[in-house]
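> Attaching a predicted model along with its sequence, questions to come.
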Amino acid sequence: RTIRMEVARFRPGEDDAPVMQGYDVPVLPDWAVLDGLNHIKDRLDGSLSYRWSCRMGVCGSCGMTVNGEPRLTCGTFLTEYGEGPVRIEPLKGFPVIRDLVVDIDGFLAKLSSVRPWLIRQGEEPPLTAEYAQTPEQLEAYKQYSMCINCLLCYSACPVYVLDPDFLGPAAIALAQRYNLDSRDMGDRFDVLSQDDAVWGCTFVGECTKVCPKHVDPAEAIQRYKLTAALRSVLPWSRR
Ligand code: FES
């Protein structure tokens, strides 16, 4: 059998607005939405543009809006949508470059802004020491290290969609990945404590709901709110 896929087509600068274009694609039991898009690209319309790479939920590049919800298209089966249609649009909240491809430069700048590396003090390269951790120390931040930067959390976040300057779920979870690492000696308070950072979050929790890796960015944000509040009364507290 086949299912109807309605796909957003848009070339900014050439088209006035996106239009939905319909394609009938086969439904195989193991076909994901991404397989449907690949079928369109390979057999029906080579001009369709979208991102993907690993096809196994690791690279984070295939996020799109599927029937109104942000989803990884490689991890979403066509059979979920019954008789169809399946509507595929770019992730909400990001400028469209072409068809289903969005501009992620702003997102990458946010990731960089939280200084996502281990900050050490009083050491000069080359660093030869090993910094062993206990399983408990690893567990403290491991959850936040599972993020694949798929952007689904931003697309689901009502704060980000209204305010593109909001630092957002993945960047704050990434900061916590380092804040909670026993090897890190850094301080990201200057970035995280801004109105457009943790205090901008209204704790709707959609970011956590859509995360395919169960990172729980909403928890990361609420947790840092507590850290920041403590910091205002105990300036020497760091985490
Ligand atoms: Fe890599 Fe979907 S193609 S996560």
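Ah, there it is.
> Within the helices and strands, which one has G93?
Using DSSP states H and E, G93 is not contained in any helix or strand.
> Check the gap between it and R1 for me.
34 Å (CB to CB, to the nearest Å). Bear in mind the C-beta positions are built from the backbone N, C-alpha and C, glycine included.
> need the helices for this protein, in chain order.
33-39, 105-113, 135-142, 152-156, 158-162, 169-179, 189-192, 206-210, 217-233 (DSSP state H).
> If we go by neighbour counts, what in the longest one is buried?
It stands for helix 217-233. 217-221, 223-225, 227-228, 231 (16 or more other CB atoms under 10 Å).
> send the alpha carbons of stretch 21-39 over as PDB?
C-alpha atoms of stretch 21-39 as PDB (Å, rounded to 0.1, in the frame of the first residue of the first chain):
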ATOM      1  CA  GLN A  21       3.500  19.200  -2.300                       C
ATOM      2  CA  GLY A  22       2.000  15.700  -2.200                       C
ATOM      3  CA  TYR A  23       3.700  12.400  -3.000                       C
ATOM      4  CA  ASP A  24       2.500   8.900  -2.700                       C
ATOM      5  CA  VAL A  25       5.200   6.600  -1.200                       C
ATOM      6  CA  PRO A  26       5.100   2.900  -0.300                       C
ATOM      7  CA  VAL A  27       4.600   1.900   3.300                       C
ATOM      8  CA  LEU A  28       6.800  -1.000   4.400                       C
ATOM      9  CA  PRO A  29       6.600  -2.200   8.000                       C
ATOM     10  CA  ASP A  30      10.100  -1.000   8.800                       C
ATOM     11  CA  TRP A  31      10.000   2.300   6.900                       C
ATOM     12  CA  ALA A  32      10.500   5.500   8.800                       C
ATOM     13  CA  VAL A  33       9.400   8.900   7.600                       C
ATOM     14  CA  LEU A  34      13.000   9.400   6.500                       C
ATOM     15  CA  ASP A  35      12.700   6.400   4.200                       C
ATOM     16  CA  GLY A  36       9.700   8.000   2.700                       C
ATOM     17  CA  LEU A  37      11.600  11.200   2.100                       C
ATOM     18  CA  ASN A  38      14.500   9.300   0.600                       C
ATOM     19  CA  HIS A  39      12.100   7.500  -1.700                       C
END
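> distance between that stretch and the chain's centre?
Offset of stretch 21-39 from its chain centre (CA atoms, centre = their mean, to the nearest Å): 24 Å.
> Buried ones in that stretch, by neighbour count?
23-25, 27, 31-39.
> mean confidence for that stretch?
For stretch 21-39, mean pLDDT is 97.
> Other residues contacting stretch 177-194?
The contact list for stretch 177-194, computed with CB atoms under 8 Å, 6 or more residues apart in numbering, reads 113-121, 131, 133, 137, 140-141, 144-145, 147, 167, 172, 175, 197-200, 224, 227-228, 231, 238-239.
> Any idea how far apart the tips of it sit?
18 Å (CA to CA, to the nearest Å).
> Could you check how far it is from the centre of its chain?
With CA atoms, centre = their mean as the basis, stretch 177-194 stands 20 Å off its chain's centre.
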